[in-house]
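Participant: Got a predicted structure plus its sequence, pasted below:
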Amino acid sequence: MRRYAQLILIGGSAALTLAGCASEQPSRRAPPPRAPVVIRGIPLRAPAYLATAASIDLYAIKSSQLAQTRARDARLRDFARAEISAHQGLGSQLSYAGRRLNLLPSAELLPEHQRMLDTLTSTSDFDGTYRRQGIQVHEAALKLHSDFAARGESPTLRPVAANAVPIIRAHLQRLRGM
């Protein structure tokens with residue numbers, strides 16, 4: 001049985017090779033692949049952008065839900081309420097645009113964001129950790145959305161990224177001011 005499978009594979013490979021040689025069309029060289037623009041190791045391709053942006057939104061929502069019950073500072077609780085609403089809206093826009101491209105955002109956090117959420121859940125300094133992580137995530141989100149809005153490969157997702165920029169910038173300024 002195994003020998004028979006090997007013969008079929010070898011025969012199939014030979015047939016494909018011969019078929020390629022018999023082609024009457026002139027051979028064209030494929031253009032060299034373009035090197036993608038990279039943000040901290042993330043190429044500005046639609047699937048990578050969508051996955052990262054969706055994880056950021058999900059982290060912002062989950063961490064802010066925790067903040068509503070665990071934050072001692074009333075300003076952080078108010079910020080958390082606004083954060084949840086804004087990132088649910090951004091996530092909806094991202095999901096809608098992604099579906100138009102047959103790309104669905106994951107309902108799970110990327111490992112980096114999951115580690116941050118785990119740290120936030122177990123910290124004894126919730127307010128300080130929430131604020132520091134929020135600044136870190138919003139700085140990364142601002143860079144991601146700004147760069148994708150300017151140079152992303154998808155005309156469908158670029159407006160979503162552009163729309164996110166002023167929202168993320170406002171959140172970042174508010175966090176830095178606390």
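Facilitator: On my side now, so go ahead. Since this is a predicted model, take the numbers as computed values, not measurements. Numbering: from 1, shown residues only.
Participant: Identify all contacting residues around stretch 88-95.
Facilitator: 50, 53-54, 57-58, 61, 104-105, 157, 160, 163-164, 167 (C-beta atoms under 8 Å, 6 or more residues apart in numbering). In short, each C-beta sits where N, CA and C put it, glycine included.
Participant: repeat for stretch 118-133
Facilitator: Here stretch 118-133 has contacts from 63, 66-67, 70-73, 76, 116, 175, 178, using C-beta under 8 Å, 6+ apart.
Participant: Of these, grab the buried ones for PyMOL.
Facilitator: A single PyMOL command selects the buried members of the contacts of stretch 118-133 (16 or more other C-beta atoms under 10 Å):
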select buried, resi 63+67+70+71+76+116+175
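Participant: Make a markdown table from the contacts of stretch 118-133 and add secondary structure to it.
Facilitator: Output for these, formatted as a markdown table (DSSP: H, G, I helix; E, B strand; the rest coil):
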| residue | secondary structure |
| --- | --- |
| 63 | helix |
| 66 | helix |
| 67 | helix |
| 70 | helix |
| 71 | coil |
| 72 | coil |
| 73 | coil |
| 76 | helix |
| 116 | helix |
| 175 | helix |
| 178 | coil |
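Participant: Could you provide the contacts of stretch 88-95 in CSV, with additional columns for neighbour count, secondary structure and pLDDT?
Facilitator: Shown next, in CSV, are the contacts of stretch 88-95 (neighbours: other C-beta atoms under 10 Å; DSSP: H, G, I helix; E, B strand; the rest coil; pLDDT from 0 to 100):
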residue, neighbour count, secondary structure, pLDDT
50, 23, helix, 92
53, 24, helix, 94
54, 23, helix, 94
57, 25, helix, 95
58, 22, helix, 96
61, 18, helix, 96
104, 11, coil, 85
105, 20, coil, 84
157, 24, coil, 94
160, 23, helix, 95
163, 16, helix, 96
164, 26, helix, 96
167, 18, helix, 96
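Participant: Tell me which residue lies nearest the centroid of this protein.
Facilitator: residue 52 (1.5 Å; C-alpha atoms, centre = their mean).
Participant: Flag the shaky bits of the protein, pLDDT-wise.
Facilitator: By pLDDT under 70, the low-scoring segments of the chain are 1-43.
Participant: all strands of it, in order?
Facilitator: Per DSSP state E, the chain carries strands over the ranges 38-39, 42-43.
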